[in-house]
Structure formats: structure tokens, C-alpha cells
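>>> what's the 3D shape of this:
(one chain, ligands or ions: 1)
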Amino acid sequence: MASRQTTHYSVIVPAYRENGNIRPLITRIFAALRRVDSPVPAEQTEVIIVDDNSRDGSAETVQQLQQEGYNVRIIVRTTERGLSSAVVRGFQEAQGDNMLCMDADLQHPPEYVPSMLAAMSPSHTFVLGTRYGKGVEMDKDWPVHRRIISAGARVLALPLTTASDPMSGFFGIRKEAFLKARNLNAGGFKIALDLLIKSQIPPHAIAEVPFSFGVRAEGESKLTGKVMIKYLEQLAELYWYKFSSLLVFLVIFLIVAFFVLVRTWFGSPSLDSQQK
Ligand SMILES: Nc1nc2c(ncn2[C@@H]2O[C@H](COP(=O)(O)OP(=O)(O)O[C@H]3O[C@H](CO)[C@@H](O)[C@H](O)[C@@H]3O)[C@@H](O)[C@H]2O)c(=O)[nH]1
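Next comes the predicted model:
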């Protein structure tokens, strides 16, 4: 197992009832990292699974994988729940400077992990796996309603960021950028969007990596109506976060402009009228 000092790369996997996907995920990540052409050494990479007390054998599977020599550990949370807060916890625990987040369900291709990890640097502090890049095709089995929800969610976020797919759950951030973020929204699913704004990632610091979003290998999606409502709440908060100072400036400007106009229209009392 890699020692604390040599872990430069961390992969964070939020997981809830994903036991069936954990073994193929971990073995495929490390197979990709062990390839001779991998830009990132497997020995310098850790995987952290943040599980919300699934009680489906996930912890035992991780234990077996550890015994087989894989650098993977599991954090089992018993008092907290939720995808975004699980990702934040993983980032807090990560030892690496380059931190990647991906789903457990193999919708994010594990073979992309080495290049995604390597894409982060002090000048590219954010890497985004995008489903809207050139030549990317959505899996034809991806349900129509999910495509519509995804497109709608993306349009609503357009004024907030230049990133092409801020809804993506396949993204990475450098530790120093993550540490800049304050008051992260730990509810809902859209932690990448929150980080892009609250870590103040400039457009030129975002490296985008196009990938094809597959369908779930096993288990069920946890994206419910409640998660979508949480997204709308999050958007309202982010709009306020990003545009409130502009709004205050605009209001002050309008008030000043109003008084200037009133003064110009009605004029100040002339000297003549004052002398009368
Ligand atoms: N620890 C923890 N993990 C969770 C929870 N809810 C979901 N997860 C884990 O988070 C990952 C994504 O959850 P899914 O339920 O599979 O989400 P999805 O519907 O496929 O949505 C994905 O794609 C969206 C884009 O369409 C993304 O916006 C979203 O973030 C996610 O990546 C999976 O590994 C899942 O086990 C939770 O409450 N706690």
C-alpha cells in the first residue's frame, strides 16, 4: 500500500448501496493506472469510498480488495447522508493534491481516471468530465426524461459558469482550490457547480475532458424529485452568491440616477426666485 508521503492523487467515490459495482470499479481504476502509458503512477493513488451505512456488504468487499493489495479505503458515515456531503467529506480526507470525484456505478469510465487526474495542475485547478464535448454521444439507452432534465438543469446554470457540463458528477479539483470554498451546499447532487463558483475557478483554469456517459451497470439511481427541488434551491443560492453585489450596485446606481434626473428635470431653484 502506498505510504502517506507518496499519495499525490485521490479518487473519491460517493456510494450508497453499490456493493455490486465496487469490485469492478476498483479493479478497472487500478488496471488503468498500472498501464505502462498511464500518466499517473498507481502507487501514488488512493481511492476513498464514502458510504452512508449501506449495510449491503460494501465494507467487506473493500476489506477484501485491501487484502489483495489495492489502495482503497471506505469511510462509513452513520449520522450523515447525501451525495454532495459525501464528496466533501472525501475531499477533506484525501491525501492527494489532485482529487477526482466519480460515481460508483461505472457510468463514469474508470479508464479515464489516469488522464483526469493528470489534467490537474496549479494552472488547471479544475478538471471536468463533460458529456457535451465534440464527438461525444449519449448512450442510446439513456432515458429521454433524464436527457430533458439534464438539458434544462444545464440551461438554468448558464449565467453562472462557462463550464460546458457543470452538472457532471465526474470532475476533479486541486486541494488548494477546494480549501478556498466557503459555505458549500452539502444538499443535493450538484457539488461540482457549487465548487466551480465558491472556489472561484476562473474559466481558463478549467480543463474539460469529453466522455460518453454510460448507463448504470447495477443498482438504481438515487436522483429523485426531491433532489431536483434541492437543485432549484441551490441555484437560487448561487445566483444570490454570484450576483448579489452586482444587484446592490445596480440598486445604488438606479437611486443615484433617479435623483440626478429629478434634479435635472425640475432644476434647482434659480437665484432670482431665491431673491424674490
Ligand atoms: N454516500 C452517498 N452516496 C450517494 C448518495 N446518493 C447517491 N450516491 C452515490 O452517488 C453516485 C451517483 O448517484 P446516482 O444515484 O447513480 O446518480 P445519477 O442519477 O446517475 O446521477 C449522476 O449523474 C448526474 C448527471 O446526469 C449527475 O448530476 C449526478 O451528480 C450523478 O453523477 C453513486 O455512486 C451513488 O451510489 C448518498 O445519499 N450518499
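>>> Quick one: the strands in the stretch 51-200 of the chain, in order.
Taking DSSP state E, counting those that start in this stretch as the criterion, the stretch 51-200 of the chain carries its strands at 72-76, 98-101, 126-130, 171-174.
>>> Now render these as a markdown table, adding mean neighbour count, mean pLDDT and distance to the ligand.
All C-beta atoms are positioned from the backbone trio N, CA, C, and that covers glycine. Below are those laid out as a markdown table (neighbours: other Cβ atoms under 10 Å; pLDDT from 0 to 100; distance: least, Cβ to the nearest ligand atom, whole Å):
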| stretch | mean neighbour count | mean pLDDT | distance to the ligand |
| --- | --- | --- | --- |
| strand 72-76 | 18 | 98 | 9 |
| strand 98-101 | 28 | 98 | 9 |
| strand 126-130 | 25 | 96 | 9 |
| strand 171-174 | 28 | 98 | 9 |
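>>> Take those and write them to JSON lines, including distance to residue 159.
Shown next, in JSON lines, are the strands of the stretch 51-200 of the chain (distance: least, Cβ to Cβ, whole Å):
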{"stretch": "strand 72-76", "distance to residue 159": "35"}
{"stretch": "strand 98-101", "distance to residue 159": "24"}
{"stretch": "strand 126-130", "distance to residue 159": "18"}
{"stretch": "strand 171-174", "distance to residue 159": "20"}
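>>> So which residues on the protein come close to the ligand?
The chain comes close to the ligand at residues 14-16, 18, 50-52, 81-83, 86, 103-105, 107, 150, 167, 169, 189, 221-223, as judged by Cβ under 6 Å from any ligand atom.
>>> Among those, name the buried ones.
The neighbour-count test (16 or more other Cβ atoms under 10 Å) applied to the residues of the chain next to the ligand identifies 14-16, 18, 50-52, 82-83, 86, 103-105, 107, 150, 167, 169, 189 as buried.
>>> for this protein, which helix is longest?
Counting by DSSP state H, the longest helix found in the chain is helix 225-266.
>>> burial count for residue 236?
Residues lying near residue 236 (other Cβ atoms under 10 Å) number 10.
>>> An error on my part: the question was meant for residue 146.
The number of residues near residue 146, taken as other Cβ under 10 Å, comes to 14.
>>> So it versus residue 105, what's the distance?
Using Cβ to Cβ, to the nearest Å, residue 146 is found at 14 Å from residue 105.
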